[in-house]
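Return a 3D structure for these sequence lines:
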Amino acid sequence: MGGAESDVTDAQTNAFAIDRLSQAFETSAKRWELIVYPSLFAFIILAAYGFYLVFSLAKDVHYLAISVDSNMTVLASNMQSISDNMGQISANVRSMSVGVDSMARDVSTLEPMLTSMQNLDRAVQHMTFNTSTMREDMSTMNRSISRPMQFMNGFLPW
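Residues are numbered from 1 along each chain as shown. Model (predicted):
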């Protein structure tokens, strides 16, 4: 019987140890529940917020792509306009070049006229000098005649 009693005590000791292990595990599990469940809840909230941010970013990028596409269409049409205008500018510059070449030929034709204008300028200077000389001569003659005429005017009845 001694063996049966020791088996019973061993079984009780084992049951007591298992019971203590079970209580320790439950206490430890409750501590982990206090940490894990709120952490899991916070993770779910952060994951949902992250999904919202990614979704919002994707929507914004979509609107940005649409805006860039429409702006690129406008830019392409404006670039086509610029290209057409450059063609017109190029044609205008070519016609201006022809006009400038024609003016260069005309200027070479005008060089003899410049010589004639210089001769005309000299002739006008001579005429001005001669007119000035005539004015001085008339002034001298006026001074010479005016004194005797004043004396004669005193005798004349009119």
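
Tell me the pLDDT of M152.
At M152, the predicted lDDT confidence score is 66.

meant to ask about P148
68.

Helix or strand: which one has the residue most central in space within the chain?
In the chain, the centroid-proximal residue (Cα atoms, centre = their mean) is L75; its distance is 14.4 Å. Using DSSP states H and E, L75 falls within helix 2-153.

gap between that helix and the chain center?
2 Å (Cα atoms, centre = their mean, to the nearest Å).

returning to what we had before: so what's the residue nearest to the centre of the chain up against?
The contact partners of L75, by Cβ atoms under 8 Å, 6 or more residues apart in numbering, come to none. C-beta: built from backbone N, CA, C; applies to glycine.

S81 versus that one, what's the distance?
According to Cβ to Cβ, to the nearest Å, L75 and S81 sit 11 Å apart.

any idea how far D101 is from S108?
Separation of S108 from D101 (Cβ to Cβ) stands at 11 Å.

now swap in V8 and tell me
130 Å.
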